[in-house]
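1. build me a model:
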Amino acid sequence: KIKLPKKVARRYPAYELYLYGEGNYAEENKNLLLTGIPVLFLPGNAGSYKQVRSLGSIALRKAEDVDFKYHFNFFSVNFNEELVALYGGSLQRQTKFVHECIKVILKLYRGRDFAPSSVAIVGHSMGGLVARALLTLKNFKPELINLLITQATPHVAPVMPLDKYLTDFYTAVNSHWILKAQDLRNLTTLSVAGGFRDYQVRSGLAFLPRLSQHDSALSVVSSAVPRAWASTDHLSIVWCKELILATIRAFFDLIDENTRQITEDPKKRMSVLNHHFVRHPAKIFEENPEALTELTGAFMWITVKASKWTYSVYNDSDGKYFTFPLASHRESYSHVYCENSMLDTSSWIYGCMNSNSSMCLEATDLSWRAELLPTTKASVVILKLEDYPSLSHIVIQVPPTAGNKYTLGCEFFREDSRTVQLPVTHLFSFGFSSRKILLNSSSLLYNVQLQHFNQIYQAFKIYIESHCRSLKERKPSVYRLHIPWSHEDSITVAKAPSLTEISAKLHVARPQNDSRAPELNIYSSSDCEYEVKIKSSPSILAFQIMRFHAGALPVYVVSNILLTYGGQLSTLMSTGQCSDFSLELVRTAKPYKVEPLISIVVFLQGFNWFREMWEALSWPEVDAAVLSSQDAWFPLVSLILFLFGTGIAYWSAVFFSTSLRLFSSLWLTLIRPPVLQKGAKLVTPRRLCGVLSLALLGWTTCGAFAVFIVYLHYLFKVRNFSKEISQNSSVHTLKNQSSMDSSTSKATQSPSSSATIAEAVNSLKIHVTILHLFTWVLLLNLPSLIYWLKNLRYNVRLDPDPCRSTAVILVCILEVLMNTSTSEVKSSKLLKMAAKVPLPLSVAMLAFGRTHLYKVPHFVTFSLLLHVLCCVV
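-> Residues are numbered from 1 along each chain as shown. Below is the predicted model:
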């Protein structure tokens, strides 16, 4: 633990700074006489500072390999495992604390040789956003950070926008990075997303905003990272060995030998990151590779004139140079493809310039144009011949081998002969139709262009079946789904022959100014044929919709419940009876009541005159329009989500009512309920004191805490009410049976009792619906309550509190509502308005609450306020 200045420790009592170490290294650095390169790790939402171990341990092993010529000091911040992805009130505080930590870290190196002037930062999840937010601080110097690597950080927008502080923080950070993009060129930023296995943060959110990406920012998905080629979940991205190795190798390649710190050259930083995270040529990184290489050694020179060539090596003690004269191939072919299955860091392919003989002494090293492929341990290179007009030969070097077996192959081809266009099936084919092509030219490489595949709501299954002529052992086939507008490739390795299924879906939609199509690259065996079939997949489509829009589901659930609540009030007004929740949900919760109006507004916002009028009224932009501008929306999505919301509202109501009924039945066996009372006062001195106490509690401590207490009080009241109705209904049934043979005068008391019970049943139905509605409001406010409870030892008052004002209003409303009955509402002049208002409120909720979940309680509160007024007016 690093001792912080007293002023900093007093201001941030919940936060701490640590230095990671193990073994002798930890003992040597106890006195904090540090001489390495500082790296600061920032954990994410509910993350531990101990997660730095994955990076620190492997960096230490790497430093031992180079005899500590260079080494890194890994620091980590303890944010007390705060839920910053759900409560945004502490994000600014965390950002300011990190600034203080950077100043403390750099002070530890003061007076040392090669003292650093900046810090590299690795941020996981929300820690990456906090790191970006440092640049928004007024007194922060941008030169204090030279490199920022984020892991599964939602840069674009919050996953669950549960409070205004969270959305405002995002707006401030992204706006600053866009406006000050030119000033941030000296900061190199890498964002690594987890891919489809990360169910918490979809990779589209982890791509840095496009306007801020100039030459100093890079966004990749882990499935496209060389040597990793795998998707990770949200936590495993921190300790995934392949990704950690790539990160640490990049760190060591970034060191400047003169300063013994991370290089100040932004171009070198970007070239290192591209080398390790985008295109790895199977060679150790070199900043300035030599333009010409001498081809030395007493190797045999062999000329190959064929357009297709393969060579297998096993236990060969003599080295060879195979030369391919280009003059005879330039007219017939446009490209040459070569592959090498010997995974080595040495060069293997060269280009001879203007050589008339069959050999050359100096050549251009073309191995830097190669890239690594998985499992086969191969590097491949594709050269466009017209890009190398000065080359006369291509040379393949085969060094002597001792007990090693590997193969090489080269093939000249025309691009149009190896590129096949395959239009994808229509979205609404639902998997019943498919399209397929047969690749039977026995080539080493195929490119299948997937036409019209450019939106995130398109989802397909690709089936690749390979047929081989012989049963001999051969190298596996490699299938790469290449997305040209973002680094989100996915690679599949399959034995040949085999049937392979690949899921084709996108993290990011194609930009409007881009016309390129995704490609399926098939690195094949030369004696195999391939059949490629594609068809749409409803299951993957549903997964995509949930992946992109599951965060908006609470809005649709509450909208359905609110429509049902309005329907119950309407039925009460027209018939005098309150209908069941499930029946009213089926009758009133219709998507055509809310969706068309929103779609019309989104359509009209495409016209300048309407947009100007909308802005003149100072109305916020409709969320669907924002999502459409991000290519993450289409009209049917809302319909599907509404139906999902209806299903969730129905089954949650069933579960809620069943639990309440069961609990009341169990309670009946223990305590005898009182007789149903009628005409009780709404406001009594005792209730008024209770309301004021709860409101004061919510204002001085935590608003969500007051909401939680009033929720429990309401739940207890409804349970008692249900218990009373059950008991009195049973008693009333027994009395009716016993009075059948009695006098008429005694029987006349029965209708009055029946009316009381019927009125109580109506009241119970309304109360259960309100409580169901209130349950979702409580769930949306729960994160701030959890945060407050966790930090209670540091501060009694939650500051800032996102629901303080709403909580005070809700406490007053619900303390009154829980004591009302339908008899008071029926005669109200405001009942008609209260029954009509839920519909426009539902429309407004879906229009403005999809990406602003914190607005949902406001709409619910307004509807319940009208209900309270109905009991008074």
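
2. tell me the secondary structure for Leu814?
-> helix (DSSP: H, G, I helix; E, B strand; the rest coil).

3. quick one: it and Phe774 touch, right?
-> Yes: using Cβ atoms under 8 Å, Leu814 makes contact with Phe774 at a distance of 6.9 Å. Every residue, glycine included, has its C-beta placed from N, CA and C.

4. name the residues contacting each of those two.
-> 711, 714 (Cβ atoms under 8 Å, 6 or more residues apart in numbering).

5. so Glu242 versus Asn521, what's the distance?
-> 21 Å (Cβ to Cβ, to the nearest Å).

6. shouldn't Ala152 be in contact with Gly194?
-> Yes: if you go by Cβ under 8 Å, Ala152 and Gly194 touch, sitting 4.8 Å apart.

7. higher neighbour count, those two?
-> Ala152 (31 against 27; other Cβ atoms under 10 Å).

8. what residues does that one make contact with?
-> Taking Cβ under 8 Å, 6+ apart, one finds 44, 124-125, 192-194, 198, 200-201, 206, 232, 234, 237 in contact with Ala152.

9. of Glu242 and Asn521, who's got more company?
-> Counted by other Cβ under 10 Å, Glu242 and Asn521 do not tie: Asn521 has more neighbours, with 19 against 15.

10. how about the secondary structure of the more buried one?
-> strand.

11. cool, and Thr364?
-> strand.

12. count of neighbours near it?
-> By other Cβ under 10 Å, neighbour count at Thr364 equals 21.

13. if you skip the residues just before and after it, what's nearest to Tyr523?
-> Nearest residue to Tyr523 in three dimensions, chain neighbours excluded: Val478, at 4.1 Å (Cβ to Cβ, 6 or more residues apart in numbering).

14. I should have written Tyr714 there, sorry.
-> With Cβ to Cβ, 6+ apart, the residue lying closest to Tyr714 is Met818, at 4.8 Å.

15. my guess is that neighbour contacts His713, does it?
-> Yes: assessed by Cβ under 8 Å, Met818 is found in contact with His713 at 7.0 Å.

16. for His71, see how far away Phe251 is.
-> 10 Å.

17. for Asn608, same thing?
-> Distance from Asn608 to His71, by Cβ to Cβ: 59 Å.

18. strands along the stretch 101-250 of the chain, start to end?
-> 119-124, 145-151, 188-193, 217-221 (DSSP state E, counting those that start in this stretch).

19. give the pairing partners of the longest one; include direction for each.
-> By that I understand strand 145-151. strand 119-124 (parallel), strand 188-193 (parallel) (DSSP bridges).

20. return the distance of the helix or strand containing Tyr321 from the chain's centre.
-> Per DSSP states H and E: Tyr321 is located in strand 320-325. Computed by Cα atoms, centre = their mean, to the nearest Å, the chain-centroid distance of strand 320-325 equals 49 Å.

21. what of stretch 692-707?
-> Remark: stretch 692-707 is offset 34 Å from the chain centroid, using Cα atoms, centre = their mean.

22. please shift the residue numbers so they start at 198 in all later answers.
-> Yes, from this point I'll number from 198; that puts the last item at stretch 889-904.

23. which of the residues in that stretch are buried?
-> Buried residues in stretch 889-904, counted by 16 or more other Cβ atoms under 10 Å: 891-892, 894-896, 898-904.

24. just stretch 439-454 next, same as before
-> 440-452.

25. coming back round to it: okay, Asn805 and His268: which has more neighbours?
-> Per other Cβ under 10 Å, whichever of Asn805 and His268 has more neighbours is His268, with 21 against 8.

26. which ones are touching the nearest residue to that one once chain neighbours are set aside?
-> Nearest non-adjacent residue to His268, counting by Cβ to Cβ, 6+ apart: Ala260, 3.7 Å away. Residues in contact with Ala260 (Cβ under 8 Å, 6+ apart) are 267-269.

27. beyond whichever strand or helix holds Ala260, next helix or strand please.
-> Ala260 belongs to helix 250-262 when assigned by DSSP H and E. Downstream of helix 250-262, the next assigned helix or strand under DSSP H and E is strand 269-275.

28. just want the angle from that following strand to helix 250-262.
-> In terms of direction (axes from the mean of the first three to the mean of the last three Cα atoms, to 10 degrees), strand 269-275 departs from helix 250-262 by 170 degrees.

29. who does strand 269-275 pair up with?
-> Sheet pairing for strand 269-275, assigned by DSSP bridges, gives strand 213-216 (antiparallel), strand 234-239 (parallel).

30. with distance to Ser514 and mean pLDDT added, can I get the ones you listed in a markdown table?
-> Converted to a markdown table, the strands paired with strand 269-275 look like this (distance: least, Cβ to Cβ, whole Å; pLDDT from 0 to 100):
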| stretch | distance to Ser514 | mean pLDDT |
| --- | --- | --- |
| strand 213-216 | 52 | 96 |
| strand 234-239 | 44 | 96 |
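
31. still on that earlier bit, the strand holding Tyr518 packs against which elements?
-> Here strand 517-522 touches strand 497-500, strand 505-511, strand 588-595, going by 3 or more Cβ pairs under 8 Å, 6 or more residues apart in numbering; DSSP states H and E.
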